[in-house]
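Enquirer: Fold the following for me, if possible:
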Amino acid sequence: MQRRNFLTALGAAAAAPAQTARLGTLFVGAWQKKIVVIDEATQKVTGEIDLKIDVPRSLMFNEDRSKILVHATKGCSFEIVDVATRKLERSFSLDTGGKNYRTSGLAISPDNKRLYSHVYAVDRKIDRFEVGKPQWAVVDLAGGKFEKFVELPKELQRIRGGGRGGGMRVSPDGKYIYLFRENVAIYSTEDFKEVDKIELSKPLFPGLERVTLGPGDDPHEPKGKVLGFFNSTDTVVHKTTFGFAEFDLTKRTFEFTPVGPSTSATLGLRLTPDRKTGYTVAFNGMGANRRCEFWIFDIASRRITKMQEFEGRSRFEFSLSSDGKTIYIYGAGNTVEMFDTATLRQVRDLDVNTDMTSNMLVLPG
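Expert: Coordinates of the predicted model:
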């Protein structure tokens, strides 16, 4: 290339705008029976998806993120939204007659055909309500109906109430369900018999308490793996320790890494796209004395690299942008507070003009 042409090409390259990472879309449930759609690039509300049954209680992507499964607040009801068209596809309720069902934990099979949950029936009689025993339930998503019930083992019979499915995961091959509670139990999806158990309080992990997971909506979580937190209490001097728990759902292996002194609670882990850095919100203390802090982790070394206190509202949830550069604090109100991950300072306050009612789904660009 001649020198003149080379300099011309070099100048054109320098003048060209820098390529920016393509941001994605946020989905969050709200009152008035709808899902609010937020564009990450413009940081504006760009649309709403109307629902039919009731206010959305929780949102879940299916395996390929082509559909959103909405768990409605009213009874055991679900709605399915097509992500591409931003339209409600269909709605169904699993309640029949006077019998209503309550769920605890939700997980979608890798082939997107089944929904797994714990349920118990509440049968309305003339003069009373009869509450049934908790059971495993398999839901046929295409037909919108129960496919199978299996009674839970005695140690799980006390399960009651709702939840967003943070304690349940299905293996990539669809053969096993991992149930994360005081212990980690693994069940076959064929007959729901226990095939393995990690007893956290045994001598191998003395003093280990239940593993805390996020709701499973982190788009950058490694496929087939689960990263969570745990607390451990020393049985001699009762010193509490906080650490990382990593599970390989395919190999059925696990690893626990102590990090430091424990905290009161966390809001789960969110990873950057390169999976090198993790973020969480940690709480210390209770009530008016509670402190809210951002914690940043180096994932490779399992170390906390930075802590920063911030003024958190009395009740909120937390997520991370698809490019890993913005922290979202939202829920229990009508605003999404945006914090820059480099400085951990608030840079924007987005008013979505309605109170939010569910977790936030992040769809990368």
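Enquirer: if we look at the helix or strand where A282 lies, which residues are touching it?
Expert: With elements delineated by DSSP states H and E, A282 resides in strand 277-284, which encompasses its position. Contacts of strand 277-284 from elsewhere in the structure, counted by Cβ atoms under 8 Å, 6 or more residues apart in numbering, are 227, 229, 263-272, 290-299, 307, 312, 318, 320, 324, 327, 329, 341. Any C-beta I mention is one placed from the backbone N, CA and C, and that applies to glycine too.
Enquirer: let's see 7 Å
Expert: 263-271, 290-299, 318, 320, 324, 327, 341 (Cβ atoms under 7 Å, 6 or more residues apart in numbering).
Enquirer: What mean pLDDT does it get?
Expert: What strand 277-284 shows for mean pLDDT is 94.
Enquirer: follow-up on the earlier one: now the buried members of the contacts of strand 277-284.
Expert: Burial by neighbour count, judged by 16 or more other Cβ atoms under 10 Å, picks out 263, 266-271, 292-297, 299, 318, 320, 324, 327, 341 from the contacts of strand 277-284.
Enquirer: okay, how far is it across stretch 286-301, tip to tip?
Expert: 30 Å (Cα to Cα, to the nearest Å).
Enquirer: just stretch 27-34 next, same as before
Expert: Per Cα to Cα, the first residue of stretch 27-34 is 10 Å away from its last.
Enquirer: And the average pLDDT for it is what?
Expert: 96.
Enquirer: now swap in stretch 69-88 and tell me
Expert: 95.
Enquirer: can you pull the buried residues of stretch 76-86?
Expert: By neighbour count with 16+ other Cβ under 10 Å, stretch 76-86 contains the buried residues C76, S77, F78, E79, I80, V81, V83, R86.
Enquirer: Among the residues you listed, which are located in strands?
Expert: In this view, the buried residues of stretch 76-86 that belong to strands under DSSP state E are S77, F78, E79, I80, V81.
Enquirer: Can you convert those into JSON lines and add a column each for distance to L200?
Expert: Putting these into JSON lines (distance: Cβ to Cβ, whole Å) gives the following:
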{"residue": "S77", "distance to L200": "34"}
{"residue": "F78", "distance to L200": "32"}
{"residue": "E79", "distance to L200": "36"}
{"residue": "I80", "distance to L200": "36"}
{"residue": "V81", "distance to L200": "37"}
